[in-house]
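J.: Take this sequence and fold it.
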Amino acid sequence: YEIRLSLVGSEMCIRDRYQRRVRDSHQLQQTMAEDKVNELKNLGNKALSDGNLDDAIKHYTEAIQLAPSNHVLYSNRSAAYCTKKNFASALEDANKTVELKPDWGKGYSRKGAALHGLQRIPEARTAYEKAIELEPSNEQYKRTLDELDDSGPAMDFAGLQEALSDPEISKYFEQPDFMAALGELQTNPMRAAQDPRIRHFMDVIGKKKRGATGQPTPAPEKKAEPEPKKEEVKKETKKEPEQKPMEVEVPEEKKKATEEKDKGNAAYKNKDFETAITHYNKAYELDPDNPIYLFNRAAVHFEKKEYENCIKDCKEAIDIGKRIFAEYKLMSRIYTRMGNAYNAQEDYTNAVEAFSKALVENRTPETLKSLNEAEKKKKQKEIQDYINPELSLKEKETGNEFFKQGNMPEAVKHYTEAIKRNPSDPVLFSNRAACYTKLFAYPEAVKDCDQALALDPKFVKAYIRKAHVQFVMKEYHKCLETYEAGLRHDPNNAELSEGISKTYAAINASQYGESDPEAAKRALSDPEIQAILMDPGMKQILSDMQTDPRAADVHLKNPAVMAKIQKLICSLYH
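T.: All right, here's what the predicted structure looks like:
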């Protein structure tokens with residue numbers, strides 16, 4: 001009776017331990033799922049900033065499948081859809097965002113943007129007003145609402161007739177890209193206004209609307225004159241070349257500014273930086289509404305390694321460019337130069353932001369390459385700045401305490417933090433591998449052991465832990481290799497020798513048991529086993545051994561052949 005009670009108690013203890021490990025494993029899986037969601041979200045954010053909208057939508061969708069109640073994911077995907085001009089899908093995601101997080105202003109701003117794209121202006125205005133109600137200090141929402149009110153400039157018939165009477169504007173209407181830009185006035189007025197032809201067209205309409213006379217157009221008066229048709233045709237053909245001088249005359253100050261700029265450029269090419277700055281300063285004084293002079297002066301500061309002055313000039317040039325709707329290619333170049341200056345200061349956070357804005361203005365391979373390099377350097381610097389061996393030791397000790405208590409997820413959490421604080425310590429990876437083993441996360445355990453051995457190839461405990469995991473996974477051929485690699489560094493280690501004997505015993509026992517199709521399938525999917533079986537020389541040797549038993553004695557005398565055959569036996573018979 002006492003023996004029976006003891007057996008029952010042992011069984012309950014084993015069952016409780018198993019259930020605790022399963023529960024801990026489930027907690028680890030939840031943590032890993034959250035990490036995967038964050039990884040997918042970050043990939044989506046990067047793709048969105050790079051303009052890869054389809055990739056961004058794909059990453060956000062995968063993240064939503066893992067976390068369907070995360071309102072931020074729907075909000076980000078709505079932004080991607082909106083940028084892609086798929087406003088219906090953008091509105092659907094925005095509505096879902098508002099449903100999940102009704103007290104979040106950004107959700108209503110996403111809804112307003114989608115409704116604006118669908119030309120449902122009153123509803124868009126209501127959505128932005130709700131966003132401002134939730135976040136009254138958000139200036140961006142207020143500016144967007146103001147722009148929404150002004151996004152559809154009234155083109156009255158008189159103003160349009162005045163514009164069409166301008167010979168230069170009438171030619172615009174024959175250009176397909178101008179018509180496309182004109183259509184974009186309703187959906188994206190800020191971008192459309194970057195086209196100088198659109199600004200010219202709207203300026204003429206605006207003058208008429210304000211009562212400004214502008215230059216008179218002689219075309220209507222000629223139609224009323226009772227002259228012969230032939231003479232009328234002749235006069236029309238003569239008048240066409242006379243309309244060319246109607247182009248806006250460049251003021252004298254702008255001409256002088258251009259001359260000063262050219263002198264500055266010549267001095268810059270000759271490395272005469274002080275003279276170049278003097279000429280750029282004069283040009284800027286003569287024409288303060290042109291960002292090119294500050295842009296050029298910033299180049300001089302960059303060459304002189306005066307990066308703060310370079311950044312300051314770029315920021316002022318950007319402000320001017322925004323005010324006058326400068327060409328997007330120029331704006332991109334200014335942002336790129338500012339990013340290069342931040343890069344030189346090792347301020348990679350601001351460099352990444354500047355390069356990202358440059359790509360929004362104009363996507364070029366050079367700027368994209370600069371962005372990728374800055375992001376890598378930023379990540380490396382963040383890792384380097386985070387290293388602190390003292391804090392790592394504290395996290396390790398906390399992880400050890402949780403390990404002793406059997407709380408493996410918490411132990412993993414603290415060992416991971418310790419690794420971030422000191423990624424060159426192989427013991428930390430070995431300790432986390434022990435936790436992963438108890439949580440049945442065997443691939444992660446092997447990966448950590450490999451990392452520990454990469455840091456310290458003589459770390460015997462890492463060999464033992466790795467071989468133990470491979471034994472449990474029934475990868476006996478790999479298990480033997482790991483034990484043998486450990487013995488090369490510590491030939492007298494009893495645990496390594498016992499591990500080899502235990503592995504061979506398991507192989508021998510499996511040869512007399514029933515075959516395991518799943519084990520064979522796993523072995524055949526191993527790249528190392530595939531390489532042996534696909535080797536023409538080994539194919540011939542195996543064929544010889546099947547047809548002529550005496551050939552086996554000959555081939556097995558070759559150590560390399562013997563090792564490969566042992567590997568096949570260990571992998572296939574378990």
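J.: and Gly51, backbone torsions?
T.: With angles defined as degrees, to the nearest 10, Gly51 sits at phi 90, psi 10.
J.: How about it: what's its closest non-neighbour residue?
T.: Arg363 (5.8 Å; CB to CB, 6 or more residues apart in numbering). C-beta: built from backbone N, CA, C; applies to glycine.
J.: in stretch 360-368, what counts as buried?
T.: 361-362, 367 (16 or more other CB atoms under 10 Å).
J.: Contacts made by that stretch with the rest, please.
T.: With contact meaning CB atoms under 8 Å, 6 or more residues apart in numbering, stretch 360-368 is reached by 49-51, 328-329, 331-332, 335-336, 339, 355, 358-359.
J.: Just the helices from the stretch 401-550 of the chain, written as ranges.
T.: Here the stretch 401-550 of the chain has its helices, by DSSP state H, counting those that start in this stretch, at 408-421, 426-438, 442-455, 460-472, 476-489, 494-511, 517-524, 527-534, 536-547, 549-555.
J.: Worst mean pLDDT across the helices and strands of the protein, which element?
T.: Ranking every helix and strand in the chain by mean pLDDT, DSSP states H and E puts helix 219-224 at the bottom, with a mean of 39.
J.: Spatially nearest residue to Tyr265 (excluding sequence neighbours)?
T.: Let me fix one detail, which is that residue 265 is Asn and not Tyr. Nearest non-adjacent residue to Asn265 (CB to CB, 6+ apart): Asn296, at 6.9 Å.
J.: Kindly state the pLDDT recorded for that neighbour?
T.: Listed pLDDT for Asn296 reads 95.
J.: Show me what counts as buried in the helix or strand where Ile57 lies.
T.: Here Ile57 sits within helix 53-66, counting by DSSP states H and E. Within helix 53-66, the residues scored as buried using 16+ other CB under 10 Å are 53, 55-60, 62-64.
J.: rewinding a little: and which of the contacts of stretch 360-368 is nearest Lys106?
T.: Using CB to CB, Ser49 comes nearest to Lys106 of the contacts of stretch 360-368, at 16.9 Å.
J.: ok, the closest one - contacts?
T.: 356, 359-360.
J.: Now with 10 Å, please.
T.: Neighbouring residues of Ser49 by CB atoms under 10 Å, 6 or more residues apart in numbering: 56, 352-353, 355-357, 359-360, 371.
J.: do Asn42 as well
T.: Listed by CB under 10 Å, 6+ apart, the contact set of Asn42 reads 59, 63.
J.: Check which helix or strand it maps to.
T.: According to DSSP H and E, Asn42 maps onto helix 2-50.
J.: hey, where'd the helices end up in the stretch 201-350 of the chain?
T.: 219-224, 229-242, 252-269, 273-286, 292-303, 307-324, 328-344, 348-361.
J.: So which elements touch the fourth one?
T.: Read it as helix 273-286. Helices and strands touching helix 273-286, by 3 or more CB pairs under 10 Å, 6 or more residues apart in numbering; DSSP states H and E, are helix 252-269, helix 292-303, helix 307-324.
J.: how far out from the middle of the chain is that helix?
T.: 40 Å (CA atoms, centre = their mean, to the nearest Å).
J.: Can you list the buried residues in it?
T.: Residues 273, 275-277, 279-280, 282-284, 286 are the ones in helix 273-286 that count as buried (16+ other CB under 10 Å).
J.: related to what we said a few turns ago, output the helices of the stretch 201-350 of the chain as CSV; include the columns distance to Tyr108.
T.: Formatted as CSV, the helices of the stretch 201-350 of the chain follow (distance: least, CB to CB, whole Å):
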stretch, distance to Tyr108
helix 219-224, 50
helix 229-242, 54
helix 252-269, 45
helix 273-286, 42
helix 292-303, 38
helix 307-324, 26
helix 328-344, 29
helix 348-361, 24
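J.: weakest of the ones you listed in terms of mean pLDDT?
T.: Among those, helix 219-224 scores lowest, with a mean of 39.
J.: thinking Asp456 is in contact with Leu428, fair?
T.: No: using CB atoms under 10 Å, Asp456 is not in contact with Leu428; the gap is 11.5 Å.
J.: the more surrounded of the two?
T.: More crowded of Asp456 and Leu428, by other CB atoms under 10 Å: Leu428, with 28 against 17.
J.: give the contact list for Thr498.
T.: Actually, residue 498 is Glu rather than Thr. By CB under 10 Å, 6+ apart, the contact set of Glu498 is Tyr483.
J.: one step back: quick one: which of the buried residues of stretch 360-368 is nearest Lys378?
T.: Distances from Lys378 to the buried residues of stretch 360-368, taken as CB to CB, are shortest for Thr367 (16.0 Å).
J.: Give me the pLDDT for the closest one.
T.: Residue-level confidence at Thr367 comes out at 91, pLDDT.
J.: Any idea how far stretch 418-429 is from the middle of the chain?
T.: That offset, for stretch 418-429, works out to 27 Å (CA atoms, centre = their mean).
J.: Give me the mean pLDDT for it.
T.: Here the average pLDDT along stretch 418-429 is 95.
J.: Mind listing what's buried along it?
T.: Under 16+ other CB under 10 Å, the buried positions of stretch 418-429 are 418-423, 425-429.
J.: Return the residues in contact with Lys502.
T.: 467-468, 471, 479, 483.
J.: Mind doing that once more with 8 Å?
T.: Contacts of Lys502 by CB under 8 Å, 6+ apart are Phe471.
J.: swap in Tyr81?
T.: So Tyr81 contacts 57, 87, 89-90, 93, 114 (CB under 8 Å, 6+ apart).
J.: Now secondary structure and pLDDT too, for those residues, in CSV please.
T.: Shown next, in CSV, are these (DSSP: H, G, I helix; E, B strand; the rest coil; pLDDT from 0 to 100):
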residue, secondary structure, pLDDT
Ile57, helix, 93
Phe87, helix, 86
Ser89, helix, 90
Ala90, helix, 90
Asp93, helix, 94
Ala114, helix, 88
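J.: Adding distance to Glu303, write the residues you listed out as a markdown table.
T.: Below are those laid out as a markdown table (distance: CB to CB, whole Å):
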| residue | distance to Glu303 |
| --- | --- |
| Ile57 | 42 |
| Phe87 | 46 |
| Ser89 | 48 |
| Ala90 | 45 |
| Asp93 | 47 |
| Ala114 | 46 |
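J.: So which of those residues is the closest to Thr437?
T.: For those, the nearest to Thr437 is Ile57 (38.8 Å; CB to CB).
J.: Distance-wise, check that closest one relative to Glu92.
T.: Spatial separation of Ile57 from Glu92 under the definition CB to CB, to the nearest Å is 13 Å.
J.: Between these two, which contacts overlap?
T.: Going by CB under 8 Å, 6+ apart, no residue sits against Ile57 while also sitting against Glu92.
J.: Look up the closest residue to Lys329, ignoring the ones flanking it.
T.: Using CB to CB, 6+ apart and skipping the chain neighbours, the partner closest in space to Lys329 is Asn362 (4.9 Å).
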